[in-house]
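I'll drop the sequence and a predicted model, then ask my questions.
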Amino acid sequence: MELRIDRQALVPVVQQIVDALIGWIRQGAVQPGTRLPSIRQLARDNLLSQSSVNEACERLVAQGLLASRHGSSFFVAPPPSPELASTHDSRRKDAHLHRSDLDDSSPWELKLGDGGLPESWRESDDLGYAIRQVTRTDMAGLFNYSTPLGLPVLREQLSRRLKQLNIEVDKNQILTTTGATQGLDLIVRTLLPPGSCVVVESPGYPNLFDLLRLHRIEMLELPRTPRGPDVEVLQNLLATRRPSALFINSACHNPTGSSLAPAVAQRLLELTRRHAVRVIEDDVYADFQSSTRTRLAALDPEVIYLGSFSKTLSSSLRVGFIAAPPPIVARLSEVKGVTSMGGSRFCESVLASLLANGAYRKLVQRQRQRLGVDMASVLQVLEDADWEVFGKPAGGLFIWARPPLCDYAGLQRLAKRFGVLLSSRTAFSPSGADSDWLRINVAYARDPRAQAFFRAAALDRPQAF
């Protein structure tokens, strides 16, 4: 079996082995129970170490794609039992309709509209090293809460990183959070009284919509264009409804993948200043884009800026942050103390170590390289298959697209034939309106099943469904 390992690539060798084996299993329609060549043979045929091949296979066992038998080799794992599949389907329906970003799919389904990186992209070596280092050198981090604002050494690192985006804040203007979700919750709890109204982008982030509904906040829909929010609609909303805040993704927008044009950013800030509207900039996908894009927080120090490391590093290592003017940070810190006592000093210490030793910077460089290649490839496939694309993203995870035939029920049936799970047609609308557009995660879309689905969906005749 030829794995085609590129030793000059930024992607670690073990990860390349994982990707190659996944491609072999899926592209070749390999039957469950098929035995892989031995670890020794795979290593010898591809000039690899046996330990690297073994680690890659163990990762696939953890993902449920391979099975291992004592004293034997690795085998392609069987599909789930009917009882497990039935239970999974019932759970997935609720998640699919109401929480499109929830990772609730089985390893044998391709989550084409997922909100993060595939598990096969995750890298554990540097993370494991940082965890071991913290456990050896910071015993307090294993048992104690972090400081109210967050670990000072981490906030100092975050301040330096934000300067690379031309966002000038010192560490005392930064509050760490348990992911960006807690950051949004703190902002809504602290700054938005129940019954107030805010402007949100449409399409936009489903979890934000759920959070605002939970706190009884009215949402005013602002259409998203390939250049950013529709500022003419915004001007009318601000004049007629007088909202208290605007929530926005500037770069690598979820779900469209679009980024804010400089002229749109300037006009948006002019309008929000004139009407005294608070701007909350959610930038959790910032590190997936290598080119510098306009950030509102770089243009106006009053903008509240949120970031997170869950998408790039680990969804379990829950560390995010808020950068804001000092009075707002002080208020948010008080509410954080009341609602959660404090953040995880251990998680913050691990992240600080990865930032300090350069491992995180190299990690996102590798991710950007892979995403750039995948983005170009998927855009070409969609164009060849006559799909309509909502602008052409310059980076990030997402493409917002729709097929020539916009029968969603038919698309679902077609996707199921290829083992593909589509994004919800209602979750990205604040009002729950139906949409013909799909969120496509380019890290999943290179999979042969996705490619076959794109081509089949382009057949302009009913029997395609």
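It's in.

so who does Cys158 touch?
Not quite, residue 158 is Leu, not Cys. Neighbouring residues of Leu158 by Cβ atoms under 8 Å, 6 or more residues apart in numbering: 171, 174, 176, 307, 321, 323, 355. In this view, the C-beta of every residue, glycine as well, is placed from N, C-alpha and C.

where does it fall, secondary structure wise?
helix 152-163 (DSSP states H and E).

which positions in that helix come out as buried?
Going by neighbour count (16 or more other Cβ atoms under 10 Å), the buried part of helix 152-163 is 154-159, 161-162.

can you report phi and psi for Ser202?
Torsion angles at Ser202 (phi, psi; degrees, to the nearest 10) stand at phi -130, psi 120.

number of nearby residues for it?
The tally of other residues near Ser202 (other Cβ atoms under 10 Å) stands at 21.

can you pull the contacts of the residue nearest to it when sequence neighbours are not counted?
Among residues not flanking Ser202 along the chain, Glu221 sits closest, at 4.2 Å (Cβ to Cβ, 6 or more residues apart in numbering). Contacts for Glu221 (Cβ under 8 Å, 6+ apart) come out as 200, 202, 429-431.

just give me how far the helix or strand harbouring Glu221 sits from the chain centre.
Assigned by DSSP H and E, Glu221 belongs to strand 218-225. Centroid separation for strand 218-225 versus its chain: 21 Å, with Cα atoms, centre = their mean, to the nearest Å.

same for the helix or strand following it, what does it pack against?
Next helix or strand after strand 218-225 toward the C-terminus (DSSP H and E): strand 228-229. Packing partners of strand 228-229 (3 or more Cβ pairs under 8 Å, 6 or more residues apart in numbering; DSSP states H and E): helix 262-274.

so what touches the helix it packs on?
227-229, 231, 234-235, 238, 246, 248, 250, 260, 277-279, 294, 296, 299-300.

tell me the buried residues within these.
227-229, 231, 234-235, 238, 246, 248, 250, 260, 277-279, 294, 296, 299.

please name the bridge partners of the residue nearest to Ser202.
Note on Glu221: beta-bridge partners by DSSP bridges are Val200.

next, the distance between the ends of stretch 113-127.
26 Å (Cα to Cα, to the nearest Å).

now it: mean pLDDT?
Regarding stretch 113-127, the rounded mean pLDDT is 86.

in that stretch, what's buried?
Under 16+ other Cβ under 10 Å, the buried positions of stretch 113-127 are 113-123, 126-127.

which two of those residues have the greatest separation?
Gly113 and Asp126 (28.6 Å; Cβ to Cβ).

one step back: in strands only, show me the buried ones among the contacts of helix 262-274.
228-229, 246, 248, 278-279 (DSSP state E).

residues touching Thr294, list them.
By Cβ under 8 Å, 6+ apart, the neighbours of Thr294 are 250-251, 259-262, 265.

who's in contact with the closest residue to Asp434 other than its chain neighbours?
Among residues not flanking Asp434 along the chain, Arg425 sits closest, at 5.3 Å (Cβ to Cβ, 6+ apart). Contact analysis of Arg425 by Cβ under 8 Å, 6+ apart lists 408, 434-436, 438.

which of the three states applies to Arg425?
Using DSSP: H, G, I helix; E, B strand; the rest coil, the structure places Arg425 in coil.

would you mind measuring from it to Leu355?
39 Å (Cβ to Cβ, to the nearest Å).

pull the number of nearby residues for Trp24.
16.

domain parsing for the chain?
For the chain, automatic domain parsing gives the domain ranges 13-76, 82-122+362-464, 126-360.

isn't Ile280 up against Leu296?
No. The criterion here is Cβ atoms under 8 Å, and Ile280 misses it with Leu296 at 9.5 Å.

hey, what's in contact with both of the two?
With Cβ under 8 Å, 6+ apart as the test, Ile280 and Leu296 both reach 248, 303.

any weak-confidence spans in the chain?
10, 27-29, 70-72, 79-108, 291, 406, 459-465 (pLDDT under 70).
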